[in-house]
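Q: Let's see this in three dimensions:
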Amino acid sequence: METTLAEPPQSALSGVARMLVHAGKLQAKVAEDLVRQAREKKTSFVTAVIASGQVSSSDLAHTLSSALALPLLDLSAMDPQKLPQNVIDGKLAQQYQVVALSRRGNRLFVGGSDPTDLEVIERIKFATQLQPEWVIVEHDKLSKLISAAGVSAAESLEAIAGGDFDFDIAEDDATPQQEAAAELADVEDAPVVRFLQKMLVDAINLRASDLHFEPYEFHYRVRFRVDGELREITQPPIAIKDKLASRIKVISRLDIAERRVPQDGRMKLKFGSKSIDFRVSTLPTLFGEKIVIRILDSSSAKLGIDALGYEKIEKERLMAAIYRPYGMVLVTGPTGSGKTVSLYTCLNILNQPGVNISTVEDPAEINLPGINQVNVNDKAGLNFSAALKSFLRQDPDIIMVGEIRDLETADIAIKAAQTGHMVMSTLHTNDAPKTLTRLLNMGVAPFNIASSVLLITAQRLVRRLCENCKQPADYPREALLKAGFGEDDFDGSWKPYRAVGCSNCTNGYRGRLGLYQVMPITEDIQRIILAEGTAMDIADQARKEGVRDLRQSGLVKVRSGITTLEEVLSATNE
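A: Numbering: from 1, shown residues only. Below you'll find the model as predicted:
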């Protein structure tokens, strides 16, 4: 009967099925059956029709391209290595069978075989904050590309297990039991071992500062912090979470059997003649141990003062203070603002054969040859104050205290600064003037602060614009005035830039730089301290002496075209 060839009701067919029937590629009854099969198997119609052999991938792609007036691309002509990486989440790409082809401004060109799927467009738009535009690609070539890229978590783990890595993880100080456990893990859990190695190498290549291994009830994810922002890298099978945790704990000299309390350790990765240190922290969560690995890059402490982002006047003030024979220099800011790197950079400048430098840290993040570094050990009674007392009997010239946390540590540090030692330390305060009131609130006498503190620098980190793709931004004049620019700044000699994004950066940014408020303690500020003035009084006096606050320091970077106004406003929104 000819009624079998009649098109079924519109609701029975998907957009792709209807187009294939109209183009004469499928009979209506066959299309209806395939739609039902796809629904029962919880798969897409495109997958079902290709699997049935009724329509080839090439015919399907050409039909959809003609019907929808969308561009058609041959994926076999593309180099997978040159496609944008980590723009579309791997799980999303696997689920909807899509791939990012290129990015232009805020537009993302997405390759897929089913352009009628509106849900995937909304998901991609939400996840990437970009405007997706469809490009038709052949289904079979797309599937091969996604598989080859290792987007599927299970497949990626097996692929990694088959790789070859020319490095090993140093276990020189491990006990025989730990070495035996590590060897057993290498044999029994080769995929997990190689997965960990792959993640560490990828993190180093991406210039990440931290790796997060996070177990949840139904999935397991790995995230990297790159340029201060966390981004999801992959979701390996949840079954590996315990084996991966055990492997990390073995090479970090931690107790494998202890899963109830947090642990801290270190490990070292060797490849070729280079070695990189990692700090490991484990934390028991509801569904397993979350592990964070911090990459301790010793090269960051050797960049030099100019690479950190200090302006000329700020650098001169800092150098004048640290070259003084005695006194105290304080670096302040929130966690992750680069305080330790700033201190290490200063210590490297001062590290000469004729100078005795001792540091006490919790823990020592980067090994500095020629400097005596001590780790805090609370269990053994070695805290900051105990180490400082010992330092004073070790004939030091320069002392670095990781953090001043209490009155006892502050008192000993100030006495050391008053008795012929240069003392450097950090505090957690929002800006330089508030650091002095924080010391007062801790119980330090005003005359001790005024006579010992030479300089305070507050800092924040902002992302640096990518030089390859940044473009001029057209901000309203009112927005620039509200941000802190003055009328004199609108002289046409500069222009702000905005982030765009290209294959060489992450969303338009590459690397970070510091914003600094460098405040020397002058005689006028000393008088305010002795009179127990407020942080506002100190800030007003510092402003009169030409000290830029953090916002003003950021606006200087915006004028120079090395960061965006959005970054500065975000970092100094206090």
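
Q: just the strands in the stretch 401-550 of the chain please.
A: Using DSSP state E, counting those that start in this stretch, the strands of the stretch 401-550 of the chain run over 422-427, 453-465, 471-472, 497-498, 509-520.

Q: Looking at those, which is nearest to residue 561?
A: Residue 561 lies closest, by C-beta to C-beta, to one member of those: strand 497-498, at 5.0 Å. The C-beta positions use only the backbone N, C-alpha and C, and glycine is treated the same way.

Q: any idea of the mean pLDDT for the closest one?
A: If you average the pLDDT over strand 497-498, you get 90.

Q: Could you number the chain from 56 rather than 1 from now on?
A: From this message on, residue numbering opens at 56, which makes the last subject strand 552-553.

Q: any idea how far residue 91 is from residue 73?
A: Separation of residue 91 from residue 73 (C-beta to C-beta, to the nearest Å) stands at 15 Å.

Q: Between those two, which has more neighbouring residues?
A: For residue 91 versus residue 73, the count of surrounding residues by other C-beta atoms under 10 Å is larger for residue 73: 20 against 12.

Q: that's a helix at the more buried one, yeah?
A: Yes - under DSSP: H, G, I helix; E, B strand; the rest coil, residue 73 sits within a helix.

Q: Report pLDDT for it.
A: Note for residue 73: predicted pLDDT of 83.

Q: If the residue lying closest to residue 192 once chain neighbours are set aside is in a bridge, with which residues?
A: Counting by C-beta to C-beta, 6 or more residues apart in numbering, residue 166 is the residue found nearest to residue 192 once chain neighbours are left out, at 4.2 Å. On the basis of DSSP bridges, residue 166 is bridged to residue 154, residue 190.

Q: Might you report the residue contacts of residue 166?
A: Applying C-beta atoms under 8 Å, 6 or more residues apart in numbering, we find residue 166 in contact with 128, 130, 153, 154, 155, 156, 190, 191, 192, 197.

Q: any idea what sits nearest the second one, other than its immediate chain neighbours?
A: Right, residue 130. Using C-beta to C-beta, 6+ apart, the nearest residue to residue 130 is residue 196, at 4.1 Å.

Q: Give the burial count for the nearest residue to residue 139 once chain neighbours are set aside, as a bare number.
A: Residue nearest to residue 139 in three dimensions, not counting chain neighbours: residue 155, with 4.6 Å by C-beta to C-beta, 6+ apart. Neighbour count for residue 155, taken as other C-beta under 10 Å: 20.

Q: Let me see the contact set for residue 155.
A: Counting by C-beta under 8 Å, 6+ apart, residue 155 has contacts 138, 139, 142, 143, 148, 163, 164, 165, 166.

Q: The fifth one - that's part of a helix, no?
A: Yes - judged by three-state DSSP, residue 148 forms part of a helix.

Q: Look up how far residue 158 lies from it.
A: Residue 148 sits 15 Å away from residue 158, taking C-beta to C-beta as the criterion.

Q: higher neighbour count, those two?
A: The neighbour count for residue 148 versus residue 158, taken as other C-beta under 10 Å, is higher for residue 148 (23 against 19).

Q: Tell me the pLDDT of that one.
A: Residue 148 is assigned 79 on the pLDDT scale.

Q: Go ahead and confirm it touches residue 201.
A: Yes - the pair residue 148 and residue 201 qualifies as a contact (C-beta atoms under 8 Å) at a distance of 6.1 Å.

Q: Can you check which residues contact both of these two?
A: Common neighbours of residue 148 and residue 201, using C-beta under 8 Å, 6+ apart, are residue 154.

Q: What residues are bridge-paired with the spatially most central residue of the chain?
A: By C-alpha atoms, centre = their mean, the mean C-alpha position of the chain lies nearest to residue 280, the distance being 2.0 Å. Residue 280 forms beta bridges with residue 265, residue 285, as assigned by DSSP bridges.

Q: before we move on, the earlier item: and for the residue nearest to residue 130, the neighbour number?
A: The tally of other residues near residue 196 (other C-beta under 10 Å) stands at 20.

Q: next one: residue 588
A: Residue 588: 19 neighbours (other C-beta under 10 Å).

Q: ok, now how distant is it from residue 461?
A: Residue 588 sits 24 Å away from residue 461, going by C-beta to C-beta.

Q: So for stretch 553-567, what gets flagged as buried?
A: 554, 555, 556, 557, 560, 561, 562, 563, 564, 565, 567 (16 or more other C-beta atoms under 10 Å).

Q: do the same with stretch 446-463
A: Buried residues in stretch 446-463, counted by 16+ other C-beta under 10 Å: 446, 451, 452, 453, 454, 455, 456, 457, 458, 459, 460, 463.

Q: can you check stretch 260-268 too?
A: For stretch 260-268, burial by neighbour count (16+ other C-beta under 10 Å) applies to 261, 263, 264, 265, 266, 267, 268.

Q: so what does the longest helix belonging to the chain touch, helix or strand wise?
A: Scanning the chain for the longest helix, with DSSP state H as the assignment, gives helix 245-260. Using 3 or more C-beta pairs under 8 Å, 6 or more residues apart in numbering; DSSP states H and E as the contact criterion, the neighbours of helix 245-260 among helices and strands are helix 208-216, helix 231-243, strand 263-270, strand 275-281, helix 296-306, strand 318-326, strand 343-351.

Q: picking up where we left off before, wait, doesn't the residue nearest to the centre of the chain sit right on residue 264?
A: Yes - between residue 280 and residue 264 there is a contact at 5.1 Å, judged by C-beta under 8 Å.

Q: That's all I had, so thanks and see you.
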